[in-house]
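**Q** could you look at this predicted model? Sequence included:
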Amino acid sequence: MHRTAIDAPPAITADSKEKQRLAWKPLPLEVQLWVEVSLLIAFGLIMIYSASSIPALTRFADPNHYLKRQLFYVGLGIPIICIVSRTSYRSYKDYSGLMLLGMIALLVLVLIPGVGEKYNNARRWFGFGSLHLQPAEYAKVVWVLFLSNALVKKQDRIKESRVSFWPFIVLCAIFSALLLKEPDFGTAFMFAILMLVMLTTAGVPCRYFMLMAPFAAFGLYKFVFLVPYRRSRWEAFLNPWLDPLYSGYQLIQAWIAVGSGGFFGKGLGAGQQKLLYLPESYTDFILAVIGEELGFVGIVLTCLLFFLLFRTGLQISREAPDFLGSLLALGLTMLLSLQALLNMGVVLGLVPTKGMPLPFISYGGSAYTANCLIVGLLLSIARSCEKRPDKYSG
């Protein structure tokens, strides 16, 4: 029996392939970013409560103390995201220089005894009753804003070192000097890395950075190996068992937490290292609690969330309607991702110990609200991506 034309399967033409391709459309970048950040915030609240309930009960007779404070920061941060996301990222280009000067002024003020508060031999905070503000966290965001705007303005002379290189080196040196005075070596290092990434992306010749390499190596030697407590951290990184009760204690306790968690963990809330064994269990070392309670699976899922956030940020940078948006999105994405990467590296013993919170998961107000500013700016750029005339709108 012969097949008729009606029985024959429809021919797959180029037009039908195009219709099939356009039938599936990914979520808008704005929605993707909101989903990823919301998951991180929700996960962070759960882990902060799990990691902080015993320390909070011991210090404040209230197991919900840190959770309630973090909920306050979340309630403060979400409106920040909404307001910043509704403001065009281009509106900051005329004020980025003033914002940078303002940050320098705040970093000077925080060093003045009686104005800035000292904690653990570091003077980094302004105190407002029970709340504390760390200007260095916001300075990182302003630094990326300033670099992106300044580099766009200098595009026609980007190959000239006295225009596109040395002014930024001087500014970075000023910030680094103020941060090292606090001291805060990690943030100073972050400033330099962000500058390197953004300048090379903008087209500044790499040979200029090669010329600076010997000075950078000398600076690392002077401010790491010639400073006793930083040198002890480096030695503890290489072998924490040399001083297991002091410089290597925190890393050893983190390893015990992660190692005892196994593949699936002991169960949410069942961790033991947070019972006053692991210092900073709900701030810088919260990943160790995740590893103990949720196991290798929990750490992988945490890494996956940050990878998705990183990928979305890069996609926003790639689809931005102008070079300013592209450079700004790249810098902000790198800022969030590097902080997450360094925090995980510290907890797992892959880099020397440095106090740096895990974005949206660690407890803290300044870092959290600063990260909300970053997300708001990325959302502002993502909105512009959706309005591009060459973007398919379905």
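**A** Right, received. Where do you want to start?
**Q** neighbours around D243, how many?
**A** When neighbours are counted by other Cβ atoms under 10 Å, D243 registers 14. Where you see a C-beta, it was placed from the backbone N, CA and C, and this is true even at glycine.
**Q** that one and F237 touch, don't they?
**A** No - using Cβ atoms under 8 Å, D243 makes no contact with F237, being 11.5 Å away.
**Q** in a strand, M344, correct?
**A** No - checked against DSSP: H, G, I helix; E, B strand; the rest coil, M344 lies outside a strand; its state is helix.
**Q** leaving out chain neighbours, which residue sits closest to it?
**A** Excluding its sequence neighbours, the residue lying closest to M344 (Cβ to Cβ, 6 or more residues apart in numbering) is L287, at 5.8 Å.
**Q** packing partners of the helix or strand harbouring P55?
**A** P55 is located in helix 29-60, with elements delineated by DSSP states H and E. Applying 3 or more Cβ pairs under 8 Å, 6 or more residues apart in numbering; DSSP states H and E, we find helix 29-60 packed against helix 65-85, helix 286-319, helix 366-386.
**Q** next one: W34 from R123, what distance?
**A** 37 Å (Cβ to Cβ, to the nearest Å).
**Q** again with E30
**A** 39 Å.
**Q** do G313 as well
**A** From G313 to R123 the distance is 33 Å (Cβ to Cβ).
**Q** higher neighbour count, these two?
**A** Of the pair G313 and R123, G313 is the one with more neighbours under other Cβ under 10 Å, namely 27 against 17.
**Q** A329 is in contact with the more buried one, correct?
**A** Yes - using Cβ under 8 Å, G313 makes contact with A329 at a distance of 6.2 Å.
**Q** neighbours around L328, how many?
**A** For L328, the neighbour count with other Cβ under 10 Å is 30.
**Q** W166 too?
**A** 12.
**Q** before we move on, what about the one 3 residues further on?
**A** Other residues within reach of I169, judged by other Cβ under 10 Å, total 17.
**Q** likewise for the one 5 residues further on?
**A** By other Cβ under 10 Å, the residues close to I174 number 14.
**Q** what's the closest non-adjacent residue to T58?
**A** That would be L276: by Cβ to Cβ, 6+ apart, it lies 6.8 Å from T58.
**Q** could you double-check that the residue nearest to M344 lies in contact with L358?
**A** Yes - L287 is within contact range of L358, at 5.9 Å (criterion: Cβ under 8 Å).
**Q** find residues that contact each of these two.
**A** Overlap of the contact sets of L287 and L358 (by Cβ atoms under 8 Å, 6 or more residues apart in numbering) consists of 343-344.
**Q** which of the residues in stretch 299-307 are buried?
**A** 299, 302, 305-306 (16 or more other Cβ atoms under 10 Å).
**Q** ok, how many other residues are close to V115?
**A** V115 has 12 nearby residues by other Cβ under 10 Å.
**Q** rewinding a little: overlap of the contact sets of G313 and A329?
**A** Shared contacts of G313 and A329 (Cβ under 8 Å, 6+ apart): L378.
**Q** pLDDT at A14, what is it?
**A** Turning to A14, the model gives it a pLDDT of 55.
**Q** let me redo that: L131
**A** If you check L131, the pLDDT there is 82.
**Q** check contacts around it.
**A** The contact partners of L131, taken as Cβ under 8 Å, 6+ apart, are G365.
**Q** now swap in Q32 and tell me
**A** 26, 308, 312.
**Q** so the second one makes contact with E36?
**A** Yes - because the distance of 5.2 Å satisfies Cβ under 8 Å, L308 is recorded as touching E36.
**Q** now do the longest strand along the chain against helix 366-386, angle only.
**A** Ranked by number of residues, the top strand in the chain under DSSP state E is strand 122-128. With axes from the mean of the first three to the mean of the last three Cα atoms, to 10 degrees defining the directions, strand 122-128 sits at 80 degrees from helix 366-386.
**Q** parallel or antiparallel, list what pairs with strand 122-128.
**A** Taking DSSP bridges as the criterion, strand 122-128 forms sheet pairs with strand 116-119 (antiparallel), strand 131-133 (antiparallel).
**Q** out of those strands, nearest to S247?
**A** Closest approach to S247 among the strands paired with strand 122-128 is made by strand 116-119 (19.2 Å; Cβ to Cβ).
**Q** any idea how far stretch 370-377 is from the chain center?
**A** Offset of stretch 370-377 from its chain centre (Cα atoms, centre = their mean, to the nearest Å): 10 Å.
**Q** nothing else from me, thank you.
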